[in-house]
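> here's my sequence, what's the structure:
(2 chains)
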Amino acid sequence: MNPALSLRKFVLGTGLVVLLLLPILATVAGDPYLITLFSRILIYALAAVSLDLIIGYGGMVSLGHAAFVGIGAYVVGILAFHMQDGSALASWPFELQSSNAVLVVWPAAILISASMAALIGAVSLRTRGMQFIMITLAFAQMLFYLAVSLEVYGGDDGISLWSRNELPLIDLGDDRAFYYICLICLLIFLYLSDRLVFSRFGRVVRGAKVNELRMQSLGFPTYRYKLVCFSIAGAGAGLAGVLMANQSEFVSPSLLHWTHSGELIVMVLLGGMGTLIGPVLGAAAMLLMEEVLSAYTEHWMVFLGPFLIFVVLFAKRGIYGWLSGTGVESE
Amino acid sequence: MLLFLEQLLNGLQLGVMLFLMSAGLTLVFGIMRVINLAHGSLYMVGAYVAATVFLHSGSFILGLLAAITAAGLVGMLVELLVLRRLYGRDHLDQVLATFGLILFFNELTVIIWGRQPLFMDVPDLLSGTIEVIPGAPYPSYRLAIILAGILVAAFLYLLFNHTRLGMQIRAGASNREMIAALGVNIKLLNTLVFGLGALLAGLAGAMAGPILAVESGMGESILILTFVVIVIGGIGSIRGALIAALMVGMVETLGGFMLPALLRLFLPAATADGAGASLASMSVYMLMAVVLVLRPHGLFPVHD
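Next comes the predicted model:
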């Protein structure tokens, strides 16, 4: 048996068991904060995996991915705002009441994030390289300023939610229940991404990353494939935003800020670009490192910066590549 | 009308600042093909050093000189230690490593200078106003910035078109390997160009000191606008940077001034002001999106 493969299975297996048992472990250890911390890790992992779909597999370096996280979060926030307010969401062209139900709010948020991604992607994908990085950044900043200028919805200060969204039978207000919901969302997204990456669609997208001209010569309309990939990533980021809003019960423009996009890229690269487990490990490593370092010094960023440079220069394969002995997928 | 002309001057002043920032950045990208997110940090270094020296010595000129020296030196050091290793690597690596630099510099300024913003006074000589447009006194400090920008643009023009160094830089932008083969020390050239860009960023930062609060993270808001400028202008083109910088400066300033007024014509005042303000802050990015859709390589593309 391939040793790399068995190690991969070992990492996956242990990781999953730890994640499944975490709330119990945290209760035994008497540290309920661990549940909150790991919910955050799972949510960021989801966002990072969705970003990896476009960066690692599609070769589209987007510096505006946080915009879609923000859109997802703002859908939750705005709907909650109108629920608290008792006002209608829209009065024209027809009366539309707000909702607080997971089954309504979450799909709506995912759908809106995906359509915004399709819209932004349609324009951005006309460019490549440096221009693509900058135009995605520009769109994200545009949405950031839009969020800041929404005085009704708190402007700079954002929206505080009274409670999390409601699901029949399960109380999301309970941190343990919410943790499992995050875990389920992440696992479903990982499963779908795995299916996607190894499907015919995924192979076309990966082919376009390596040599777009060749894929076009083979008759694939690569633009459309990349656009669909970009929208799927937007949907994933939107779901992560929904979960973020629900976890912290707070939504603010800082979610859309470009440094937030930068952090997501860091997670992807730290964990291992072009793998699905890598970004999960990267998100965990980054947030745990933040947690540990900030306990020692408030100036932990001063260590994080050089550490990032070090990772880029000397440890390109990321944590997962280092663990499994396989590198970034051959370029 | 007077207000409009005054806004025009404000737009020009912002454009000049953006030009100082983007000239260096577009060169670095044009010649070394490196995306340097940390360019804003050099601007911040310039502002902090200028403010500190000015507060201690009371001399603005001394502050300015210290700022450009410090920014130039820090820039060259960063090139030697980090950027040099990123040439020819994936853009993603460059984004990430320079993002790391930003985090480092932002936190370092917090450690050295604290979280409280520094405030820098306008030097006495330039604290008055001048009536460039009859009936509308305009702060002479802002006029000095515009003048400085024009001088820098002229200096860069002479440097690039009429000196040996400028010729080598231009040759480096169009074909790196070839001029290295012709015996030009390309490594030294890279460091020098990077230092020049850093120096200009430091100058912009020092001049921004009296207008803005000097604080950690101040480089990022101008950095994003700078990127918009160089992408619109065409990456690697100084001329493109100049024109795009003025365009962006004007759109940003006049947008904030005119859009609310324009919307008031057909919307209630409160709604118009809100919508106008948000449209104004988005207008620059819309400009960029439109330019890129029409001309994906910017207005003055250098590399096809």
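> gap between stretch B:289-304 and the chain center?
Centre-to-centre, stretch B:289-304 and its host chain are 20 Å apart (CA atoms, centre = their mean, to the nearest Å).
> residues in the stretch 1-150 of chain A within reach of chain B, list them.
Contacts of the stretch 1-150 of chain A with chain B, taken as CB under 8 Å from any CB of the partner chain, map to A:55, A:61, A:63, A:123, A:126-127, A:129-131, A:133-135, A:137-139, A:141-142, A:145-146, A:148-150. To be clear about C-beta, it is placed using only N, CA and C from the backbone, and glycine gets the same treatment.
> so which of these are in helices?
In helices, judged by DSSP state H, the following of those are found: A:123, A:129-131, A:133-135, A:137-139, A:141-142, A:145-146, A:148-149.
> just the buried members of those residues?
A:130-131, A:133-135, A:137-139, A:141-142, A:145-146, A:148-149 (16 or more other CB atoms under 10 Å in any protein chain shown).
> thinking again about what came up before, widest-spaced pair of the ones in helices among the residues of the stretch 1-150 of chain A next to chain B?
Taking CB to CB as the measure, these span a maximum distance of 31.1 Å, between A:129 and A:149.
> so where do the strands sit in chain A?
A:159-160, A:250-251 (DSSP state E).
> what segments of the stretch 101-250 of chain B are helices?
When assigned using DSSP state H, counting those that start in this stretch, the helices of the stretch 101-250 of chain B occupy the ranges B:140-162, B:164-174, B:176-181, B:186-208, B:218-233, B:238-264.
> and the closest residue to chain A within the stretch 201-304 of chain B, what element?
Per CB to the nearest CB, residue B:278 is where the stretch 201-304 of chain B lies closest to chain A, at 3.2 Å. Assigned by DSSP states H and E, residue B:278 belongs to helix B:269-294.
> okay, now the unreliable bits of chain A?
Scanning chain A for pLDDT under 70 picks out A:1-5, A:91-93, A:324-331.
> one more time with 50, if that's ok
For chain A, applying pLDDT under 50 flags the ranges A:327-331.
> tell me the contacts of residue B:23?
B:152, B:156, B:197, B:200, B:238, B:241, B:242 (CB atoms under 8 Å, 6 or more residues apart in numbering or on different chains).
> neighbours of the first one, how many?
Residues lying near residue B:152 (other CB atoms under 10 Å in any protein chain shown) number 17.
> now it. Nearest residue, chain neighbours left out?
Of all residues not flanking residue B:152 in the chain, residue B:20 sits nearest, at 6.2 Å (CB to CB, 6 or more residues apart in numbering or on different chains).
> how many other residues sit next to residue B:134?
7.
> dihedrals phi and psi, it?
phi -50, psi 130 (degrees, to the nearest 10).
> distance check, it against residue B:2.
Separation of residue B:134 from residue B:2 (CB to CB, to the nearest Å): 9 Å.
> ok, now residue A:162?
From residue A:162 across to residue B:2, the span is 50 Å (CB to CB).
> the stretch 1-150 of chain B: strands as residue ranges?
Taking DSSP state E, counting those that start in this stretch to define them, one finds strands in the stretch 1-150 of chain B at B:129-133, B:136-139.
> in TSV: those strands, plus mean neighbour count, mean pLDDT and distance to chain A.
Shown next, in TSV, are the strands of the stretch 1-150 of chain B (neighbours: other CB atoms under 10 Å in any protein chain shown; pLDDT from 0 to 100; distance: least, CB to the nearest CB, whole Å):
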stretch	mean neighbour count	mean pLDDT	distance to chain A
strand B:129-133	13	74	31
strand B:136-139	16	77	27
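> would you turn those into TSV with distance to residue A:289?
Output for the strands of the stretch 1-150 of chain B, formatted as TSV (distance: least, CB to CB, whole Å):
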stretch	distance to residue A:289
strand B:129-133	52
strand B:136-139	47
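> residues of the stretch 151-300 of chain B that sit close to chain A?
Going by CB under 8 Å from any CB, the residues of the stretch 151-300 of chain B near chain A are B:220, B:224, B:227-228, B:231, B:235, B:274, B:277-278, B:281-282, B:285-286, B:288-289, B:292-293, B:296-298.
> of those, grab the buried ones for PyMOL.
Buried residues among those (16+ other CB under 10 Å), as a PyMOL selection:
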select buried, chain B and resi 220+224+227+228+231+235+274+277+278+281+282+285+288+289+292+296+297+298
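> residue contacts, residue B:283?
By CB under 8 Å, 6+ apart, the neighbours of residue B:283 are B:251, B:252, B:255, B:259.
> mind running it again at 7 Å?
Residue B:283 makes contacts with B:251, B:255, as judged by CB atoms under 7 Å, 6 or more residues apart in numbering or on different chains.
> about what we covered before: most neighbours among the contacts of residue B:23, which one is it?
residue B:241 (32 neighbours).
> now residue B:196: closest residue in space, sequence neighbours ignored.
That would be residue B:24: by CB to CB, 6+ apart, it lies 6.5 Å from residue B:196.
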